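Q: Fold the following and give me the result.
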Amino acid sequence: MNKRTCTAVALAATLALGAAGCSGGKQPGAGKNPAAAVEGHVVGGVPKKGGTLTVLSQQDFTHLDPARNWVVSDMLFGTRLIYRTLVTYKASPGTAGGELVPDLATDLGTPSNGARTWTFKLKKGITYEDGTPVTAKDIKYNVERSFSPDLPGGADYAARYLAGAKGYKGPANGEHLDSIKTPDDRTIVFHLRKPFAEFPNATVMPTFAPVPKAKDKGPRYDNRPFSSGPYKIESYARGKKLVLVRNTHWSPETDEVREAYPDKLVVVMGLKPNQIDDRMIASQGADASAVSWYALRPESAAKVLPRPEVKKRLLAESTNCTDMVQMHTGRAPFTNVKVRQAVQYALDRDAVLTASGGPAFNDLSTAYMPASLFDGKQPDTLKIPATGDAEKAKRLLKEAGKADGFATKITVSVGDKGRAEAIQQSLSRVGIKVTIETVDPSAFYATIGDTKNRTDMVYTGWCPDYPSGSTFLPFVFDGRYIKEKGNSGNHSLFRDKATMHRMDEIAAMTDIKEADKAWQQLDGEILQQAPAVPVLMRRWPLVLGTNIAGAYGQTSFGGQLDYATVGLKDPAKSQS
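A: Residues are numbered from 1 along each chain as shown. Prediction:
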C-alpha cells in the first residue's frame, strides 16, 4: 500500500484513482475462477448489536503497537477496533472500500506549499478509553516514536517524507521533529521534504494513530495499546487469548466507519490450522458465531467449493498482493545476476499454485506489481513458462560458474511450508539444493527482517498500501531504506543505483498517467535483474460461522474480513 508523488492540483484525480483501483480489479483468469462469484458481496445481512464475536487463530499478532503495526491483517484489526487514524478507508465491500474518508480528521487534509505541507484538523469530542481527549500532540508523539530503534517493524512513510527526519531516533531523549507542528490541540501540520500529493493515503497507516506519552511503555506498549477506537483491551495473554470489550468513551457520532456491533471480541490463539478450517466448515455450537483469522488452507478448498451450503459462507477477495521468492543480492552466490535469473527460470510457479490450492484461490504472477497497478492485467515480459524452463536455468548456472548447482536455505512462515516444498522440488531439478526453515507467523517478519542473521532466500509478499506504483516498487527495491533489524519490504537487499535514481525521477513526475507508465516499465526492468521472483497473487478465502452477519473482504486491506462492520445475526446465540 504505497505512494506516488505529484502536484497538489492532481490530488482529486489521485483519490479518484484510489477509489477505483483498490478493489484489485480482475486478476488474470478471474473469469474462470470458481471463487470469483463470491467477490464484492456481504455475507449474512445486517448484524444486530450485542453478543460475542470469536476469532479462531493459529497465531498471535505480529504487533498491535500502532508504531510497529505494518502487517495487513494486524493493521485492519488495530485500526478498525482499537485505535483510529487521521484518515481511513470506507467500510464497504468491493471498489467502494477503496474510498478514503476522514477518521480522526475533519477532512482528507489541506495541502499548501505545492503539496509539501499538509494540515489536518481533528474532530471535536474524540476521547480515549479513560475519557481524556485525543490531541494533535498525541498523533505527533506516535509518529515520532515510530523512529525509535527499539520499536522496529512499522510503516516508514514518515521517515521517507518528513523534512529533517534523516538520522532521527525518536523522542526518548526529548528530541522532537520540527517538521510536525501542533499549533493547538486540534491542529497538526506536516512539513515534507518534497511534494507528496498522496500524503492522505499515508495517514491511513497506524503510524498516524494517537498515543498519549503518559501511556507509552516502549516495546511493552505492544501488549496494551491505549484505545481511541470502539473497543479496549480487557486482557491479553500473548499467544493464547485477546479479549476486547466496549470502550464506553468511544463516540459513534464522530465515527462514520465503525459500527461496533458485538459487545465483545475474543481472539483464541494457538489452534491448529486444520482444526480451525474444520470447525468453521462445521459451524457447530459456539463456532457458529466465530470467524477465522487466517485464510482457508489450500487442502481445505475441496471441502468448501463443492458444497453450496458452505460456499455461501465463503469470502474470497483478491489480496491485491504479490508473493515472491526474494534472494539476498548482497551475499554469494546471489550477488551474481545469472544465478538469480537461473532461479527465476527454474521455479515451477504452477507447482506452487497447486500447493496453494490451485486456481480457485490464486492467480499466477508474471510481474512484481499486482494486476491493479497494470490496469487490471499483469504483463508477461519474460515469457517464462508457468512450469519453468529448467534447461535455460542450467545454462545460466553454467555461465555463472555454478554448473553443479549449490546449496542454500529459504525461510518461510509455517503456513507457507507446502509452497516452499514446491519451490524446493522445482529448484532441485537444476541442482539447487534448498533447505526449508519454517517460522511461526507472529515471529516471521522479525526473523526475515534481521538482515545479518537471515537465510539467503525468503518467501514473502508485498501489498500496495494504495493504488500507486510508488507504494510498491520503492518499498520492495529501494536500497536506501534497508535496516539491520526490522527490515521490511526489500528482503532481497537490492541496492541498485540506477534503479534508485529512476525511482526518484518517477516520484518527481507531476503527470499521474506518465508516472503510472513509468512504474510499469520500471517493474519490467527490475525483473530483468531478478532480485526476486514473482510467484502468485492470492485470494483471501475465509469461511464464516452461520451466525455471522455484515461480513465482507476489505479490498484495501488485502481482502481481509472488515471488523468495522462484522457482527452477529442473533447475539443471544453467541457464547463467551
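Q: count of residues packed around residue 164?
A: A count of nearby residues for residue 164, using other CB atoms under 10 Å, gives 12. Placement of C-beta: from N, CA and C, glycine included.
Q: got it, and residue 94?
A: Neighbour tally, residue 94, other CB under 10 Å: 18.
Q: I am assuming it contacts residue 40, so please confirm or correct that.
A: Yes - between residue 94 and residue 40 there is a contact under CB atoms under 8 Å: 3.5 Å.
Q: The nearest residue to residue 156 once chain neighbours are set aside: what's it in contact with?
A: With sequence-adjacent residues excluded and distances taken as CB to CB, 6 or more residues apart in numbering, residue 156 is closest to residue 481, at 6.2 Å. Applying CB atoms under 8 Å, 6 or more residues apart in numbering, we find residue 481 in contact with 156, 159, 160, 475, 489, 490.
Q: what do you get if the cut-off is 10 Å, keeping everything else the same?
A: Taking CB atoms under 10 Å, 6 or more residues apart in numbering, we find residue 481 in contact with 156, 159, 160, 474, 475, 487, 488, 489, 490.
Q: hmm, back to that, where do the contact lists of residue 94 and residue 40 overlap?
A: Here residue 94 and residue 40 have 23, 317, 552, 553, 555 as joint contacts, going by CB under 10 Å, 6+ apart.
Q: Tell me the pLDDT of the third one.
A: To tie it back to what came earlier, the one meant is residue 552. Per-residue pLDDT puts residue 552 at 97.
Q: Okay, it and residue 566: tell me how far apart.
A: To residue 566, residue 552 is 8 Å away according to CB to CB, to the nearest Å.
Q: Give the residues shared as contacts by the two.
A: Common neighbours of residue 552 and residue 566 (CB under 10 Å, 6+ apart) are 42, 43, 44, 91.
Q: from those residues, which ones fall inside helices?
A: If you go by DSSP state H, the shared contacts of residue 552 and residue 566 have nothing in helices.
Q: what's the span of stretch 390-409, first residue to last?
A: 20 Å (CA to CA, to the nearest Å).
Q: wait, I meant stretch 471-482
A: First residue to last in stretch 471-482 (CA to CA) measures 16 Å.
Q: Please compute how far that stretch lies from its chain's middle.
A: Remark: stretch 471-482 is offset 15 Å from the chain centroid, using CA atoms, centre = their mean, to the nearest Å.
Q: quick one: buried residues of it?
A: 471, 472, 473, 474, 475, 476, 477, 478, 479, 482 (16 or more other CB atoms under 10 Å).
Q: The last one touches residue 490, doesn't it?
A: By that I understand residue 482. Yes - if you go by CB atoms under 10 Å, residue 482 and residue 490 touch, sitting 5.6 Å apart.
Q: anything in contact with each of these two?
A: Shared contacts of residue 482 and residue 490, counting by CB under 10 Å, 6+ apart, come down to residue 451.
Q: May I have the longest helix seen in the chain exported as PDB, CA atoms only?
A: Once the chain is assigned using DSSP H, the helix that runs over the most residues is helix 512-529. Extracted in PDB, the C-alpha atoms of helix 512-529 (Å, rounded to 0.1, in the frame of the first residue of the first chain):
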ATOM      1  CA  ILE A 512      -0.100  10.700 -12.900                       C
ATOM      2  CA  LYS A 513      -0.600   8.800 -16.100                       C
ATOM      3  CA  GLU A 514       3.100   9.300 -17.100                       C
ATOM      4  CA  ALA A 515       4.200   8.200 -13.600                       C
ATOM      5  CA  ASP A 516       1.900   5.100 -13.900                       C
ATOM      6  CA  LYS A 517       3.500   4.100 -17.100                       C
ATOM      7  CA  ALA A 518       7.000   4.700 -15.800                       C
ATOM      8  CA  TRP A 519       6.400   2.500 -12.700                       C
ATOM      9  CA  GLN A 520       5.100  -0.200 -15.000                       C
ATOM     10  CA  GLN A 521       8.200   0.000 -17.200                       C
ATOM     11  CA  LEU A 522      10.500   0.000 -14.200                       C
ATOM     12  CA  ASP A 523       8.800  -3.200 -12.900                       C
ATOM     13  CA  GLY A 524      10.000  -5.000 -16.000                       C
ATOM     14  CA  GLU A 525      13.500  -3.500 -15.800                       C
ATOM     15  CA  ILE A 526      13.900  -4.700 -12.200                       C
ATOM     16  CA  LEU A 527      12.500  -8.100 -13.200                       C
ATOM     17  CA  GLN A 528      15.400  -8.500 -15.700                       C
ATOM     18  CA  GLN A 529      17.900  -8.200 -12.800                       C
END
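Q: who does that helix touch, helix- and strand-wise?
A: Applying 3 or more CB pairs under 10 Å, 6 or more residues apart in numbering; DSSP states H and E, we find helix 512-529 packed against helix 11-21, helix 337-346, helix 473-477, helix 497-507, strand 532-543.
Q: possible to save these as a markdown table with mean pLDDT and distance to residue 403?
A: Formatted as a markdown table, the helices and strands packed on helix 512-529 follow (pLDDT from 0 to 100; distance: least, CB to CB, whole Å):
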| stretch | mean pLDDT | distance to residue 403 |
| --- | --- | --- |
| helix 11-21 | 28 | 45 |
| helix 337-346 | 98 | 11 |
| helix 473-477 | 96 | 29 |
| helix 497-507 | 94 | 29 |
| strand 532-543 | 95 | 21 |
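Q: which one of these lies closest to residue 189?
A: Residue 189 sits nearest to helix 11-21 of all the helices and strands packed on helix 512-529, at 16.9 Å, using CB to CB.
Q: Provide the strand pairings for the next helix-or-strand element following that closest one, with the direction of each partner.
A: Going down the chain from helix 11-21, the next helix or strand is strand 52-56, by DSSP states H and E. Note on strand 52-56: by DSSP bridges, its sheet partners are strand 264-268 (parallel), strand 290-292 (parallel).
Q: Out of the ones you listed, which is the most enclosed?
A: Comparing the strands paired with strand 52-56 by mean neighbour count (mean count of other CB atoms under 10 Å), strand 290-292 comes out on top with a mean of 25.
Q: Can you mark which positions in whichever helix or strand comes after it are buried?
A: Using DSSP H and E, the helix or strand that follows strand 290-292 towards the C-terminus is helix 308-311. Within helix 308-311, the residues that qualify as buried are 310, 311, counting by 16+ other CB under 10 Å.
Q: Now residue 218. Nearest residue, chain neighbours left out?
A: Using CB to CB, 6+ apart, the nearest residue to residue 218 is residue 150, at 6.1 Å.
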